[in-house]
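Student: Sequence and predicted structure, then a few things I'm wondering about:
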Amino acid sequence: MTQKSTSKQIKDKNGLTEKEFLLRYNSDKYPKPSLTADICVIDGDEILLIKRGNHPFLGCWALPGGFANRNEAIEDTAKRELLEETGLKAKRMKLVGVYSAPGRDPRGWTVSAAYRMDVDKKKIAPQAGDDAADSSFFKLSFENGKMVLKGKETIYEDDLAFDHAKIITDAFNG
């Protein structure tokens with residue numbers, strides 16, 4: 001018998017096995033956040049952004065990403081959202097970090113796993129899809145200590161949706 005199967009037979013301080021405990025467990029006891037994935041698609045000093053086609057932050061530039069489906073691994077969420085919003089297939093993504101600051105999403109408590117995927121932009125052709133109104137690469141620079149992204153237009157860190165300026169900074173510094 002493995003240690004894992006043995007632990008299921010052990011009774012806790014209330015005299016319950018794991019199976020009995022789980023039958024009585026109330027999953028509503030703790031509030032749950034929504035889970036999202038964001039993807040930083042990077043070529044050198046450039047990053048792919050999408051223009052949001054829906055509220056919140058309608059018309060703002062953002063990282064491709066979105067909500068996890070029920071029982072979907074977050075890595076699969078990242079791959080699915082990248083494909084839906086840009087037409088790109090994910091390859092060799094690396095975790096940048098987990099973002100959970102209160103208020104990062106005006107729709108409510110949201111936790112995001114952010115990923116980085118390095119590409120050669122000459123070999124890909126991103127196309128805006130799903131809830132993305134546009135997609136484009138932007139060159140990252142800093143002016144007076146503030147992030148500036150130059151592409152189809154010039155975007156400043158405060159113009160990005162959500163907390164994506166922080167995620168982008170972490171992706172380039174990590």
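Tutor: Now that the structure is in, tell me what you want to look at. Numbers count the residues shown, from 1 in each chain.
Student: can we go C-alpha only for contacts and neighbour counts from here?
Tutor: OK.
Student: For C40, which non-adjacent residue is spatially closest?
Tutor: The spatial neighbour of C40 that comes closest, neighbours along the chain excluded (Cα to Cα, 6 or more residues apart in numbering), is R116 at 4.6 Å.
Student: Across the sheet, point out what pairs with that neighbour.
Tutor: R116 has these beta-bridge partners by DSSP bridges: C40, K94.
Student: That one and L83, how far apart?
Tutor: Separation of R116 from L83 (Cα to Cα, to the nearest Å): 15 Å.
Student: Of those two, give the one with the bigger neighbour count.
Tutor: Neighbours were counted for R116 and for L83 using other Cα atoms under 10 Å; R116 has more, 25 against 20.
Student: For the residue nearest to C40, which residues are in contact?
Tutor: If you count contacts by Cα atoms under 8 Å, 6 or more residues apart in numbering, R116 has them with I39, C40, V41, I42, M93, K94, L95, V96, A171.
Student: pLDDT weak spots in the protein?
Tutor: Residue ranges of the chain with pLDDT under 70: 1-8.
Student: what about the strands in it?
Tutor: Here the chain has its strands, by DSSP state E, at 34-43, 46-52, 61-62, 65-67, 94-99, 110-118, 132-143, 146-150, 154-156.
Student: want to try JSON lines for those strands, with distance to E20 as columns?
Tutor: Output for the strands of the chain, formatted as JSON lines (distance: least, Cα to Cα, whole Å):
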{"stretch": "strand 34-43", "distance to E20": "28"}
{"stretch": "strand 46-52", "distance to E20": "47"}
{"stretch": "strand 61-62", "distance to E20": "46"}
{"stretch": "strand 65-67", "distance to E20": "33"}
{"stretch": "strand 94-99", "distance to E20": "33"}
{"stretch": "strand 110-118", "distance to E20": "31"}
{"stretch": "strand 132-143", "distance to E20": "46"}
{"stretch": "strand 146-150", "distance to E20": "54"}
{"stretch": "strand 154-156", "distance to E20": "54"}
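Student: Tell me which of those strands sits nearest to L88.
Tutor: Of all the strands of the chain, it is strand 34-43 that lies closest to L88, at 9.7 Å by Cα to Cα.
Student: Closest one to P64 out of the contacts of R116, please.
Tutor: P64 lies nearest to I39 out of those, by Cα to Cα, at 5.6 Å.
Student: The closest one: how many residues sit nearby?
Tutor: The tally of other residues near I39 (other Cα under 10 Å) stands at 30.
Student: Pretty sure it sits against P64.
Tutor: Yes. Counting by Cα atoms under 8 Å, P64 is a contact partner of I39 at 5.6 Å.
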